[in-house]
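>>> no sequence for this one, just the structure:
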């Protein structure tokens, strides 16, 4: 899967390096540290560095790199913030890591239209800092301070998806450089269109295998008049999941509804110096008018009580709320504290919400029987959950156990009509599961599209599926 | 554009007809009336009947037809309810109209997951009648009682899109028969996924040019606890548009916000025996809790006043509300009453909402200067509006004037960063405008995908773009 087959010859890399150095000067880097850092991701997968890293500052730079690489059939791996989890940024065939993190222009904000136009290197926090003075925000929040381009490419979602949808629901149009070096624009700035194939949605989640995104038109939302957040303990994962189902079903427009299992709460308490009740916990956030938020809170409190949960405690002050969500976002790092010196191996699956409690409980039982340390957090409103397994990746025995666990987790999700990944993407890490999930015919259709747009397989090769 | 080039030979049609008659008996029809009825759509375009109509009752029937047509390179035109507007159902190269209106199974409803699985021939009204006992509904409402399969294929949206999104936002997964006869499933039933290319979104809005949809998994919503609707007159289109912008910007979760211009109100009053104020009018609907709906209404009333609108009158009784929305849905037919015996020619464009008032006002000025009768209605929360031009299609002079008007309308939308079609689709009617809208590179990418999945161009040929 990650061999060197199809790697360009050293001569070709030499020629391309020279041409890129000529074009980009010291923005073309071949030092080992920078190359390794560009393949490095928060993953258990082996680091496979590119041959060259180019720091692009404009769409024109992107075009230059892609055209040169197309001419020489050299792989191009788009790089944003480096926060992806499934080896998306590895370069199994070498080539050029095209770092767009310097493309940080916020080109336009249109407050009347609730949209903005940005370059791919803008991160979600940078964007939201910028938007605050307009009274606007961009809701998608995968936890990490990912780049918008990366969030497009992995179809990111995160904690706010239950109310605001995922990246696919919040992109109006994309500009992208295709593998042939041609720049396309998928649509105009109107909020909706039915003019031709939805190329934006095709590029969203394509993990950089069909082109490099150079400009993104995003939907925005007005900052809510009122935001309130709270925590609610439950006697069991099932009780918390059932309360979530009832919350969603009753149409409560909850902005976030996150599950932490007892072990995850323990880790968060230690790492973030909190004193949350160490049982299955729902973290919630409501957006709306003062009156609307209060009404939602009351209704959720009633639902929680019905399922044996509570007390439902509010973080009324903004600083308490921020602290709570920062703790949630730091949960990945908090996990490390449970086994110092060991990097957690994070994975996610997503199932219909009716199967969520069973899927999590079976997974917890598997974790217990294997003696693993693997806390669970979930975007439960969407049926999506994560586990971070503390595994010593230098130990073949431990890795073997963890790989068996991962395979059973995916099989369990499949058995429950779910997917091997709700939001992390396929990259290299989940390639093995796609055939079982979607069938060969579906993958063949994806392959046909890939071959049509990228006949030489230069765009982020070796990801999602084999050709 | 609609010539007979590429039409299969009479011998080939003969062979295919025989094979289809053998397979489908009297569900294979070649009578002129049925053929013409299957090309007929609510459009100004010439009727181009298929050679054969097959009434499919199952996905297996669809596979049989597609495989046979693939073998003989005969066009297949999927047909749902026949309510599309841009000549999508015409058969410029002849072939088989594959009528899936008999595929009416509601395969499953999952109330806990807020989803259902249906066959493509189910219409939106049939689905909502069925869902009512579950306390659920499917929100997308393009006016006509379209089939769900057709709504997928044209990326339909309509009056509820401002709150609930369009078809692209409400489909979880599709099963489809590709041009090679292979059946694919785009995803599992989980609410979100990042497992591979988003083939569902590629098929949504592909107008049947990439495959025939045979099964659809849809997101559902709980029936709101309270619904209220109302009408509010404004002194000008601009005032109504500005009030709409403010409503959207302030985050009011309005379910529908529709503009009727004064002439459209007049037509509706006559046709639906109402006595609405004959000025630019907003029709609104709010969904939520009793308290939430009341709060929304009050806040909208304040906004309307701020822009010189009002009084804002409520239809509190369900029957009054139904009557109001039925009148809105009948607006297309109401237009006919303004010039008896003449069929309106309906078109739509969509622009960023900040340009909406200018786009409508310039369009009204053009209508006035040409002496046309052409009322305007709009899904103004999305920046999308329609005009129905009363034109005698048998008069070349009138048609010339109307085509000039249409071209200027599209050019105006383009100049204002909009699209030639927000929700009707391209079909044959809007093909001429796509290059100016998206550029040749973008269309070439669409063509490459089309050729990759349908190398013999059998699926609904002659639509969206030329190959």
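Cool, got the structure. In this text, all values refer to a predicted model and were calculated from it rather than measured experimentally.

>>> tell me how many other residues crowd the spatially closest residue to residue A:274 that is not a sequence neighbour.
Taking C-beta to C-beta, 6 or more residues apart in numbering or on different chains, and ignoring the residues beside it in sequence, residue A:274 has residue A:327 as its nearest neighbour in space, at 5.7 Å. (Each C-beta comes from the backbone N, C-alpha and C, glycine too.) By the criterion of other C-beta atoms under 10 Å in any protein chain shown, residue A:327 has 21 neighbours.

>>> wasn't residue A:327 part of a helix?
Yes. Going by DSSP: H, G, I helix; E, B strand; the rest coil, the assignment for residue A:327 places it inside a helix.

>>> does the host helix or strand of residue A:398 come close to chain B?
Remark: residue A:398 resides in helix A:396-415, with elements defined by DSSP states H and E. Yes. Under the criterion of C-beta under 8 Å from any C-beta of the partner chain, helix A:396-415 makes contact with chain B via A:413, A:414.

>>> I'd like the next helix or strand past that helix.
Following the chain from helix A:396-415 toward its C-terminal end, the next helix or strand by DSSP H and E is helix A:434-438.

>>> give me the buried positions along that following helix.
Applying a neighbour-count criterion of 16 or more other C-beta atoms under 10 Å in any protein chain shown, one finds A:434, A:437, A:438 buried in helix A:434-438.

>>> neighbouring contacts of that helix?
Identification of contacts with helix A:434-438 by C-beta atoms under 8 Å, 6 or more residues apart in numbering or on different chains yields A:410-411, A:414, A:419-420, A:426, A:443, A:464-465, B:184-188, B:195-196.

>>> pick the one among those closest to residue A:310.
Within the set of the contacts of helix A:434-438, residue A:419 lies nearest residue A:310; the separation is 32.4 Å, counting by C-beta to C-beta.

>>> counting neighbours, what do you get for that closest one?
The local packing count at residue A:419 equals 30, with neighbours defined by other C-beta under 10 Å.

>>> who's in contact with it?
By C-beta under 8 Å, 6+ apart, the contact list for residue A:419 reads A:349, A:350, A:351, A:413, A:437, B:187, B:188, B:190, B:193, B:194, B:195.

>>> among these, which are in strands?
The subset of those located in strands under the criterion DSSP state E comprises A:349, A:350.

>>> tell me the contacts of whatever residue of the stretch 201-350 of chain A ends up closest to chain B?
Taking C-beta to the nearest C-beta, chain B has its nearest neighbour within the stretch 201-350 of chain A at residue A:201, 3.3 Å off. Contact analysis of residue A:201 by C-beta under 8 Å, 6+ apart lists A:168, B:168, B:198, B:201, B:202.

>>> identify the farthest-apart pair in those residues.
Set against one another by C-beta to C-beta, those have their most distant pair in A:168 and B:202, with a gap of 11.7 Å.

>>> my guess is residue A:295 contacts residue B:291, does it?
Yes. Taking C-beta atoms under 8 Å as the definition, residue A:295 is a contact partner of residue B:291 at 6.0 Å.

>>> quick check, central residue of chain A?
Centrality entry for chain A: nearest residue to the mean C-alpha point is residue A:156, 3.9 Å, by C-alpha atoms, centre = their mean.

>>> do I have it right that it meets residue A:146?
Yes. Contact between residue A:156 and residue A:146 holds when scored by C-beta under 8 Å: they sit 6.3 Å apart.

>>> residue A:286 is in what secondary structure piece?
Per DSSP H and E: strand A:281-288 holds residue A:286.

>>> who does the next helix or strand after that strand touch, helix- and strand-wise?
Tracing the chain past strand A:281-288, the next element assigned as helix or strand by DSSP H and E is helix A:290-306. Contact partners of helix A:290-306 among helices and strands, from 3 or more C-beta pairs under 8 Å, 6 or more residues apart in numbering or on different chains; DSSP states H and E: strand A:226-233, helix A:237-249, strand A:281-288, helix B:290-306.
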